[in-house]
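A.B. asks: just the structure for this:
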Amino acid sequence: MENGGGDLEAKIEMLLNVEKQMRQAGEIAGTRKAVTDIMQLCFEAGAWKTLNEQIVLISKRRGQLKQAVQSMVQQAMQYIDQTPDIDTKIELIQTLNSVSAGKIYVEIERARLIKKLAKIKEEQGLIAEAADLMQEVAVETFGAMAKTEKIAFILEQVRLCLDRQDYVRAQILSRKISTRVFEADTSKEKKKPKESESLIEEPPADIPSLLELKRIYYELMIRYHAHSNDYLEICRSYKSIYEIPSVKEDPAQWIPVLRKICWYLVLSPHDPMQSSLLNSTLEDKNLSEIPDFKLLLKQLVTMEVIQWTALWGTFKNEFENEKNMLGGSLDEKAAESLKLRVIEHNILVVSKYYARITLKRLADLLCLTIQEAEKHLSEMVVSKALIAKIDRPMGVICFQSAKDSNDILNLWSTNLEKLLDLVEKSCHQIHKETMVHKAALSLKS
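C.D. replies: As a prediction, the model looks like this:
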């Protein structure tokens, strides 16, 4: 409620005259004090409408000093959380936002104002509006903003895009954050800041630490990759969370994360990256704490055919009980992917042991029909996971790759060289034996 109208207006008028004199004299400190006093008067009187009017008036005064506008915006921002109702709060934020728009010296304040407004919109259920507001600000260009605050702001942009299911924009925004920034060693003592670094503002108290931001970033990446069922990228994100010291020190945190790493490794298609992650995970000493998962991963690296029914019977309960999966729990689609990964593993095992095999025998080994076995084999050949040729009239699969004419000639040349070396050695040995026998005969005679 606004009160003390006449008295307040007289005091404001007097302070405006003081502000004009100081501004025209170029007195930064005096102008700044007059402006902040006006803000304080309006706040103490509860005259929120007058406060908004004075903010706009002061910012538009001829030759207004940058320092005065900056102090005014910073002072008014302190009153946002003390507004009597949500409408007054939104009106004050919008007034400050319009005043700070296009002014580089209050760009950080504007970013913080937009973040507050976006939070209000989100609480009102207007996710799309909140996301559009946040995308207006490109904090990566703000030189004076602290690194952690920049990352937190971009992560908030990514989260809102994921909430509104705008996955393309979420990916674009996430690429503004380099993962190398999370690898900085925060345990080392801070060096004396350079002159350029001393201009960087301290982040607000509610901004998380770099390691907390790392966890938030990878949790958002899990949500993004879950949309496209990119199991390997989800696994890599969990692996990065697992490497955070605070997670690795607490078994209550790392055991669920390690379980998820194992599941998504098994669900990932076979490729060099997946094999590398699989072997590095198997070497992890912590895996002995969850022996069932160690057994599951060992089955994948062992060159033996896996019986799907036996595997599913062993791990079905574990699979279905895996709750609180970030990006969605393991559903029926994941179960189908698991069966597909087992089939692919079995085909790779068969290709290692057989040069030629009939389709019927392959189908028996995979516990599939001939048509299904042929379909899965063809898909693996198309994805270049292995090399194979199918003679459909004969029903025979050949796993040997067709050799290039140059390779055949090189092989023939190598074999010929080996043969000639062998002949030469044999001749040498015969000659040696002959000489020995001749010497023995001459001694007898």
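A.B. asks: so which residues of the stretch 301-445 of the chain form strands?
C.D. replies: Listed in chain order, the strands found in the stretch 301-445 of the chain under DSSP state E, counting those that start in this stretch are 356-358, 389-391, 396-398.
A.B. asks: can you tell me which of those strands is most buried?
C.D. replies: Across these, averaging neighbours per residue (mean count of other Cβ atoms under 10 Å) puts strand 396-398 on top, at a mean of 19. (C-beta placed from N, C-alpha, C; glycine too.)
A.B. asks: which residues are contacting that strand?
C.D. replies: Residues outside strand 396-398 that contact it (Cβ atoms under 8 Å, 6 or more residues apart in numbering): 355-359, 362, 377, 388-391.
A.B. asks: surely residue 122 meets residue 130?
C.D. replies: Yes - in this structure, residue 122 is within contact of residue 130 by Cβ atoms under 8 Å, at 4.4 Å.
A.B. asks: give me the distance from stretch 266-273 to the chain's centre.
C.D. replies: Mean C-alpha position of stretch 266-273 versus that of the full chain (Cα atoms, centre = their mean, to the nearest Å) differs by 18 Å.
A.B. asks: now do the buried residues in it.
C.D. replies: Using 16 or more other Cβ atoms under 10 Å as the test for burial, stretch 266-273 gives 266-270.
A.B. asks: select from these every entry located in helices.
C.D. replies: 266-267 (DSSP state H).
A.B. asks: need the buried residues of stretch 266-273 in JSON lines with pLDDT and distance to residue 91, can you?
C.D. replies: Formatted as JSON lines, the buried residues of stretch 266-273 follow (pLDDT from 0 to 100; distance: Cβ to Cβ, whole Å):
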{"residue": "266", "pLDDT": "86", "distance to residue 91": "55"}
{"residue": "267", "pLDDT": "86", "distance to residue 91": "51"}
{"residue": "268", "pLDDT": "85", "distance to residue 91": "51"}
{"residue": "269", "pLDDT": "84", "distance to residue 91": "54"}
{"residue": "270", "pLDDT": "80", "distance to residue 91": "59"}
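A.B. asks: closest one to residue 173 out of the buried residues of stretch 266-273, please.
C.D. replies: residue 268 (25.4 Å; Cβ to Cβ).
A.B. asks: related to what we said a few turns ago, common neighbours of residue 122 and residue 130, please.
C.D. replies: The contact lists of residue 122 and residue 130 share residue 160, where a contact means Cβ under 8 Å, 6+ apart.
A.B. asks: okay, buried residues for the strand or helix carrying residue 275 please.
C.D. replies: Per DSSP states H and E, residue 275 falls inside helix 272-282. Neighbour-count burial for helix 272-282 flags 274, 277-278, 281 (criterion: 16+ other Cβ under 10 Å).
A.B. asks: let me know the closest of the contacts of strand 396-398 to residue 163.
C.D. replies: Of all those, residue 377 has the smallest distance to residue 163: 41.8 Å, by Cβ to Cβ.
A.B. asks: let's see stretch 385-404 as PDB, backbone CA atoms only.
C.D. replies: Backbone C-alpha positions of stretch 385-404 (Å, rounded to 0.1, in the frame of the first residue of the first chain) are rendered in PDB as follows:
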ATOM      1  CA  ALA A 385      30.300 -54.500 -37.200                       C
ATOM      2  CA  LEU A 386      31.600 -57.600 -39.100                       C
ATOM      3  CA  ILE A 387      32.300 -58.900 -42.600                       C
ATOM      4  CA  ALA A 388      30.200 -61.700 -44.000                       C
ATOM      5  CA  LYS A 389      28.600 -63.000 -47.200                       C
ATOM      6  CA  ILE A 390      25.500 -65.100 -47.400                       C
ATOM      7  CA  ASP A 391      25.000 -67.700 -50.200                       C
ATOM      8  CA  ARG A 392      21.200 -67.900 -49.900                       C
ATOM      9  CA  PRO A 393      20.600 -70.700 -52.400                       C
ATOM     10  CA  MET A 394      23.200 -72.900 -50.500                       C
ATOM     11  CA  GLY A 395      22.200 -71.400 -47.100                       C
ATOM     12  CA  VAL A 396      25.900 -70.900 -46.200                       C
ATOM     13  CA  ILE A 397      27.500 -67.900 -44.500                       C
ATOM     14  CA  CYS A 398      31.100 -67.000 -45.200                       C
ATOM     15  CA  PHE A 399      32.800 -64.800 -42.600                       C
ATOM     16  CA  GLN A 400      36.100 -64.400 -44.500                       C
ATOM     17  CA  SER A 401      36.500 -61.100 -46.200                       C
ATOM     18  CA  ALA A 402      37.300 -60.900 -49.900                       C
ATOM     19  CA  LYS A 403      40.900 -60.100 -50.400                       C
ATOM     20  CA  ASP A 404      42.200 -57.400 -52.700                       C
END
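A.B. asks: and that stretch, which residues are buried?
C.D. replies: For stretch 385-404, by 16+ other Cβ under 10 Å, it's 385-386, 388, 390, 396-397, 399.
A.B. asks: identify the farthest-apart pair in these.
C.D. replies: Farthest pair in those, by Cβ to Cβ: 385 and 396, 20.1 Å.
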